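> Build the 3D model from these lines:
(one chain, ligands or ions: 1)
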Amino acid sequence: MIQIKALHIAYESSGVRTKVLTDINLELAAGETCAIIGPSGCGKSTLLKILAGIITCFDGTVLINGQPVMPEQQTIGFIPQNYGLLPWKNITDNIRLGVKIKNKNTGDCGENLAEMVQLLGLGGLETRYPGELSGGQQQRVALARAFLLQPDLLLMDEPFSALDAMTREEIQNVFLAVWRKYSVSTILVTHHVEEAVYLGRKIVILSAAPGTVSKVFDNPLFGVEDIRNRQDFFQLCLELRKTIKEDWSK
Ligand SMILES: Nc1ncnc2c1ncn2[C@@H]1O[C@H](COP(=O)(O)OP(=O)(O)OP(=O)(O)O)[C@@H](O)[C@H]1O
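Got it, this is the predicted structure:
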């Protein structure tokens with residue numbers, strides 16, 4: 001379970017202190033997905049960096065399975081916007097990099113790695129380098145690396161934003177298929193309402209800066225078969241868009 005209580009953070013730059021997130025309260029049950037939508041600059045990436053243990057200077061409480069964020073003791077997967085692949089390592093080495101760093105071992109993940117390669121449709125690409133892959137394939141590699149870690153928490157910062165619409169849908173399906181298999185607690189930041197409704201069991205709307213939680217929806221359509229072709233999917237997206245417009249224009 002992920003618990004965020006009374007989280008506040010401000011950045012100081014040139015002697016000026018600017019509030020970025022204020023009084024964030026949020027809970028995510030183990031194995032759930034949560035999509036976060038918020039206007040540019042409201043602190044979404046900052047929130048992910050706090051959950052990843054990259055930013056440690058904040059007020060409030062952030063707990064992963066009852067413990068404060070401690071990346072050495074917990075396993076936290078983080079997929080940045082640019083996928084975070086190392087261009088000089090081939091696909092196999094990129095996929096096992098996370099496990100190698102985490103376990104400080106040789107990263108020999110044997111069967112698990114082979115299974116992940118198959119699950120993510122990367123068979124035949126193992127010896128290529130990231131620069132020899134399409135954006136969608138690179139995203140699959142980033143997902144394979146994150147899921148191979150079997151993290152306590154997976155964080156994704158606008159993971160599919162650089163992909164064209166069709167590839168994005170395809171990778172979203174791949175993500176859900178792998179997520180179903182491993183049930184990893186996942187928080188993703190997105191600017192796309194449809195993506196939030198497709199991938200988030202919980203949908204959180206943050207207000208304009210300083211960001212705070214303005215609404216939390218339990219998504220009734222999460223995981224529903226053929227959701228994208230349903231009338232109620234369009235209806236929910238419309239309602240969310242309306243709520244967001246009203247909220248962000250306050
Ligand atoms: N290291 C830093 N020092 C000072 N200010 C920062 C720092 N990092 C981010 N900020 C500021 O904090 C605010 C929130 O940034 P953040 O990247 O978390 O927003 P965001 O919601 O992810 O934005 P976007 O949707 O545009 O990616 C912004 O105004 C940004 O300029």
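
> in the lowest-mean-pLDDT helix or strand in the chain, what counts as buried?
Least confident helix or strand, the chain: helix 110-119 with a mean of 84, by mean pLDDT, DSSP states H and E. The neighbour-count check on helix 110-119 (16 or more other Cβ atoms under 10 Å) flags Leu113, Met116, Val117, Leu119 as buried. Every residue, glycine included, has its C-beta placed from N, CA and C.

> From those, pick the one nearest Gly60.
Met116 (35.2 Å; Cβ to Cβ).

> C-terminal to the least confident helix or strand of the chain, what's the next element?
Following helix 110-119 in sequence order, the next helix or strand is helix 135-148 (DSSP states H and E).

> So what touches that next one?
For helix 135-148, contacts defined as Cβ atoms under 8 Å, 6 or more residues apart in numbering pick out 77-79, 83-85, 91, 94-99, 109, 112-113, 116-117, 119-122, 125, 130, 133, 154, 156, 159-160, 162-163, 167, 170-171, 174-175, 178, 182, 184.

> repeat for stretch 233-248
Applying Cβ under 8 Å, 6+ apart, the set of residues contacting stretch 233-248 is 37, 39, 193-194, 196-197, 203, 205, 207-208, 214-215, 217, 219-221, 227.

> Give me the buried stretch members for it, please.
Using 16+ other Cβ under 10 Å as the test for burial, stretch 233-248 gives Phe233, Leu236, Cys237, Leu240, Thr243, Ile244, Asp247, Trp248.

> Please report how far the fifth one lies from the ligand.
Relative to the ligand, Thr243 is positioned 18 Å away (Cβ to the nearest ligand atom, to the nearest Å).

> Regarding that residue, which helix or strand does it belong to?
helix 231-248.

> roughly how far is that helix from the heart of the chain?
Between the centre of helix 231-248 and the centre of its chain there are 21 Å (Cα atoms, centre = their mean, to the nearest Å).

> Next: stretch 49-66.
Chain-centre distance of stretch 49-66: 15 Å, with Cα atoms, centre = their mean.

> Run through the neighbouring helices and strands of the least confident helix or strand of the chain.
If you count contacts as 3 or more Cβ pairs under 8 Å, 6 or more residues apart in numbering; DSSP states H and E, helix 110-119 packs onto helix 91-103, helix 135-148, helix 165-182.
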